[in-house]
Every structure is written in structure tokens, then in C-alpha cells.
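**Q** need a structure here:
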Amino acid sequence: MANYVFSGHDKFHCRQYWLKKGYDFVKSGKWFSDNDAVVELGVGKNMVGAIYHWMKAFGLITSDRELTELSDFLLDEENGADPYLENIASIWLLHYHLIASNYASLYHIIFNEIKGDRVTFNEDHIFKKIESHLKTSPKNFSIQTIINDIDVFRRNYIRPTKVSQVEDDLSSILIDLHIIDEIPVSKMESRKYKIENASRPAIPKELILYGILNQLRDNQLISFEEIANGELGVGRIFALTPNSLVDKIKELEHETGEIVYASDGGIQTISLQDVSLRDKKLEVLQPIYR
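**A** Numbers count the residues shown, from 1 in each chain. Got it, this is the predicted structure:
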């Protein structure tokens, strides 16, 4: 039975500076349950818990209180590729790990399941999908908990329109991705969203390779269909059109030679030239930051 998580953020979306702040805090040998965590992090008590939640959700810390390779790669002050997350590719990378880590269950469900069924969906669709999952879960979650989680999801990704929300919600780390749109509805209708596939030129080809390497696991060959539409496939997580995904894969083939794209009888496959790349996935991202 899956261990679903629909809480932990205390209704706070992830602010732009929280991940770096949390990384430096843990790097200094401290932890979120320390008595002086509020003072050291410079935020309220509930926000301390929220920073911990988002560090876990983005795959930056483990359950054993350890910083991950990803967090060191990105956020280390001296050697990190992008400590202050100024490169949009870093935000796409964090988005990828938010879905792939499956710690914050709602994000995994929306991008891997609901998006696979439909381009547009409303909050009723989300509730029904979560309800089907919770039938096999040992945990019970209140309706209000799910409502709060969906609201935080919306504020993480969608640029606010009301003047009263702008200052707070523009601090969200993910809104510049423009991957989710909110569709206007009447006051009587449930909120509606759209995740439409697009070419997304801001996503570098190296990030596509990184996702493919994560999906390959112990294999050396993978179908294009799995990359485009499979669970944890970069096509699905990044909402890419099939043509744009093929273009990025062909760029990788021609410029790096690290993968080979083949199409035979309508069956498209991608094979890995160097198996050792699977053990040094973060290294393939280095060209993004040179």
C-alpha cells in the first residue's frame, strides 16, 4: 500500500529562497526540529515545517537527515551549479524531482495520471482520482486536507490575478515555468486547469538526457513511447509535444553521441551508448551551467 502525503506544508507554497535557506541550514549541521530553528531560519514555526516538507518533496534531503547529491550539485555555495536558482533550467530540474520523488503525492498523481487522461481537468477530477487511491491506503485524509493541498498546488504553479495575492504568490518557485494554466469558470463551477503539451525551448536537451537516464534504470534501451508518455517520462513531466521531444533527442544524438535514436517500422527507440552514464547522471547537466 502506498504511503500518500497530502500535507506537511502548513498551507505554504514553496518560496523562491526557501530551498537555499534550508540547504544552508542543514549543511551547517542543524535540523528542523532544533530549538533554535525558528531563529536560525528567520521564519515562523509553521514555515520551518514547510521548508522541511519542500526540501523532502523536491528530493533535496532524505529521511535519514542527509542532503542529497542533487542538493549539493545545485545549492552548495562554493561549488553548486546554481545556488540561488537563477537559471530556469534549475527550476525545471526541481519540477522534475517534485514529480519523480513522489513524496508530495498530489503532484505525482496530476502529472503522471490525470494529465495522461485529459488536457483539461477540474478539482472534481482531482478529488475522484485521489479518492480512488485512498481506497488502498492505510491512511485517512480529511476533505479539508485535500482542499488545502490542491490550493497550495495552484499557488505553486499559477500566477495570481488578484492584486491582494500578488506580493505573496509571486514568490512561488515554480510559476515562471508556465506549465499549468487556470481556465476561467463561473462561481458555481469547480476550478479548472489545463496542462497542454508545448515545445518548451527553455528546457535544455541535457535535462532530457538526465530524465531518460533516470527512467532507464538497469536497461540500455527504451521506447520513445515510454519516454513520451510513460510514468516518469520526460514528455509527460515536462508536457512536451512528441515532435519537440524527438527534436531534443536528435540534438543529443548529433551533438553528444551519448544516445542513439532509431525508428524502424514505426517503432521508435532510444539506446544508450555509454552505460556508465547512468551512474553519473548529474554530470550530464554540467553543460547547462558553463
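
**Q** So which helix or strand of the chain has the lowest pLDDT on average?
**A** When the helices and strands of the chain are scored by mean pLDDT, DSSP states H and E, helix 163-169 comes last with a mean of 54.

**Q** Could you tell me the average pLDDT over stretch 105-113, please?
**A** Mean pLDDT, computed over stretch 105-113, is 94.

**Q** Contacts only, for the spatially most central residue of the chain.
**A** Centroid-nearest residue in the chain, with Cα atoms, centre = their mean: residue 95, separated by 2.4 Å. Residue 95 makes contact with 174, 177, 179, 237-238, according to Cβ atoms under 8 Å, 6 or more residues apart in numbering. Every residue, glycine included, has its C-beta placed from N, CA and C.

**Q** in what helix or strand does it lie?
**A** Using DSSP states H and E, residue 95 falls within helix 88-101.

**Q** So which bits of that helix are buried?
**A** Residues 89-101 are the ones in helix 88-101 that count as buried (16 or more other Cβ atoms under 10 Å).

**Q** And for stretch 202-219?
**A** Those would be 203-213, 215-216, for stretch 202-219 by 16+ other Cβ under 10 Å.

**Q** Run a quick neighbour tally on residue 102.
**A** By other Cβ atoms under 10 Å, 19 other residues sit near residue 102.

**Q** what sits against it?
**A** Taking Cβ under 8 Å, 6+ apart, we find residue 102 in contact with residue 108.

**Q** what are the phi and psi values for it?
**A** phi 60, psi 30 (degrees, to the nearest 10).

**Q** about what we covered before: how about the contacts of residue 95 in JSON lines, adding neighbour count?
**A** Output for the contacts of residue 95, formatted as JSON lines (neighbours: other Cβ atoms under 10 Å):
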{"residue": "174", "neighbour count": "22"}
{"residue": "177", "neighbour count": "20"}
{"residue": "179", "neighbour count": "20"}
{"residue": "237", "neighbour count": "24"}
{"residue": "238", "neighbour count": "24"}
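
**Q** ok, of those, which one's closest to residue 192?
**A** Closest approach to residue 192 among those (Cβ to Cβ): residue 179, at 15.6 Å.

**Q** Pretty sure that closest one sits in a helix.
**A** No. Going by DSSP: H, G, I helix; E, B strand; the rest coil, the assignment for residue 179 is coil, not a helix.

**Q** gap between it and residue 115?
**A** 10 Å (Cβ to Cβ, to the nearest Å).
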